[in-house]
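**Student:** The sequence isn't on hand, but the structure is:
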């Protein structure tokens, strides 16, 4: 069901972009129809998302199949053994965003982050994934510059390494709707 | 009077008149941009030369809190579309100072707010309304962030005079 990536880009940090990532993307939307989304807002984010743990059997099965098909190839590609994955669906509507941050959290064992962009009834303007090149000292980021902007194209999968310098953001959606599946691969 | 609780807060609408507001805004110069993006994106003037305005705000804060207060530090923040200050960029205060924020913006900007949180929960939402004043007693668990300014308001400009009193 999922295309397994075979090479990674390294700049500004290791990541891979896979277009036509899923054989049957329309089936994914059907799976999500029964999964409720709730609004979430914090100082760095504003979006709608499903619960951290899928409520429906269908989404749990999709998550597990995603992990089973992609984890072995990603482990080979990165040299880091990943096994488990979590998965939530996100809806970024007009004015929604996720400001620059890293996903690294001590003790959580997140190895790779991913986002898969679903077909949208109204393609988004904005909502790009922006990656930054960073320098750091004493565990704090001391400078950053925008290094890559990845459009949220339908049926595109983006995977990138989680680290204390893998700064990224989801730029504000200015029109349309950005729908994605996202989460992390864990060691 | 504020409740005698750490983290108590009050918003005073029309704390200063429009002419005084415009005068203070016109005197602001020397902004520098802060751009450690995992913490904030904004322009700042530290220790603005506004002794009379600050003195009147300190007096107002002393009246509403019932405390004897003096100015410790002040800065003016200017946020444009796409700017923000995260809670991660804020300092915690153990000695319960009072923080005042005067909105010097030329016009209201929808959704542009200052949030004060206690243990992660927002207990004050200070909207962008020119001339309004927010007074917050900063207990040791109180954090502050300035919300993201939407790019849908491309010409928006949010200007806030922030002072810490103790």
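**Tutor:** On my side now, so go ahead. In this text the structure is predicted, and so the values were computed from the model without any measurement.
**Student:** C-alpha from now on. contacts and neighbour counts both.
**Tutor:** Fine.
**Student:** Can you list the low-confidence ranges for chain B?
**Tutor:** Where chain B drops to pLDDT under 70, the residues are B:1-7.
**Student:** Which parts of it are helices?
**Tutor:** Taking DSSP state H as the test, the helices found in chain B are B:18-27, B:51-65.
**Student:** Same check on chain A?
**Tutor:** A:25-32, A:57-78.
**Student:** Going by mean pLDDT, which of those helices comes out lowest?
**Tutor:** Lowest mean pLDDT within these: helix A:25-32, a mean of 92.
**Student:** out of the helices of chain A, which comes closest to chain B?
**Tutor:** Chain B lies closest, by C-alpha to the nearest C-alpha, to one member of the helices of chain A: helix A:57-78, at 25.8 Å.
**Student:** So for that closest one, what gets flagged as buried?
**Tutor:** Within helix A:57-78, the residues that count as buried by 16 or more other C-alpha atoms under 10 Å in any protein chain shown are A:58, A:59, A:60, A:63, A:66, A:67, A:70, A:71, A:73, A:74, A:75, A:78.
**Student:** Show me how far that helix is from its chain's centre.
**Tutor:** In terms of C-alpha atoms, centre = their mean, to the nearest Å, the centre of helix A:57-78 is found 14 Å from the chain centre.
**Student:** what does stretch A:89-108 give?
**Tutor:** Centroid separation between stretch A:89-108 and its chain, computed with C-alpha atoms, centre = their mean, is 9 Å.
**Student:** ok, now stretch A:51-61?
**Tutor:** 17 Å.
**Student:** just stretch B:60-71 next, same as before
**Tutor:** Centre to centre, stretch against its chain (C-alpha atoms, centre = their mean), the figure for stretch B:60-71 is 16 Å.
**Student:** do the same with stretch A:87-101
**Tutor:** Centroid separation between stretch A:87-101 and its chain, computed with C-alpha atoms, centre = their mean, is 10 Å.
**Student:** For that stretch, measure first residue to last.
**Tutor:** 19 Å (C-alpha to C-alpha, to the nearest Å).
**Student:** cool, stretch A:5-12 as well?
**Tutor:** 18 Å.
**Student:** ok, and what's touching that stretch?
**Tutor:** Identification of contacts with stretch A:5-12 by C-alpha atoms under 8 Å, 6 or more residues apart in numbering or on different chains yields A:14-18, A:73-74, A:77, A:131-133, A:147-148.
**Student:** So which bits of chain B are right by chain A?
**Tutor:** Taking C-alpha under 8 Å from any C-alpha of the partner chain as the criterion, chain B approaches chain A at residues B:36, B:37, B:38, B:86, B:87, B:145, B:146, B:147, B:148, B:150, B:151, B:152.
**Student:** Between the residues you listed, identify the one with the most neighbours.
**Tutor:** residue B:148 (29 neighbours; other C-alpha atoms under 10 Å in any protein chain shown).
**Student:** Surely that one touches residue B:114?
**Tutor:** No: contact between residue B:148 and residue B:114 fails when scored by C-alpha atoms under 8 Å: they sit 9.7 Å apart.
**Student:** now, which of the contacts of stretch A:5-12 sits nearest chain B?
**Tutor:** Nearest member of the contacts of stretch A:5-12 to chain B, counting by C-alpha to the nearest C-alpha, is residue A:132, at 9.7 Å.
**Student:** Spatially, what comes nearest to that closest one if we skip its sequence neighbours?
**Tutor:** In space, and not counting its chain neighbours, residue A:132 is closest to residue A:146: 4.5 Å by C-alpha to C-alpha, 6 or more residues apart in numbering or on different chains.
**Student:** and the one you found, what pLDDT?
**Tutor:** 98.
**Student:** quick one: contacts for it?
**Tutor:** Applying C-alpha under 8 Å, 6+ apart, the residues contacting residue A:146 are A:130, A:131, A:132, A:133.
**Student:** Quickly list what the second one is bridged to.
**Tutor:** In this structure, residue A:131 has beta-bridge partners residue A:148, residue A:168, where bridges are defined by DSSP bridges.
**Student:** That one - how many residues pack around it?
**Tutor:** 25.
**Student:** I'd guessed it sits against residue A:158; true?
**Tutor:** No: using C-alpha under 8 Å, residue A:131 makes no contact with residue A:158, being 11.5 Å away.
**Student:** Near chain B, which residues of chain A? Just list them.
**Tutor:** Residues of chain A lying near chain B by C-alpha under 8 Å from any C-alpha: A:43-44, A:95, A:99-101, A:141-144, A:167, A:172, A:174.
**Student:** what pLDDT, on average, does stretch A:127-141 get?
**Tutor:** The model assigns stretch A:127-141 a mean pLDDT of 95.
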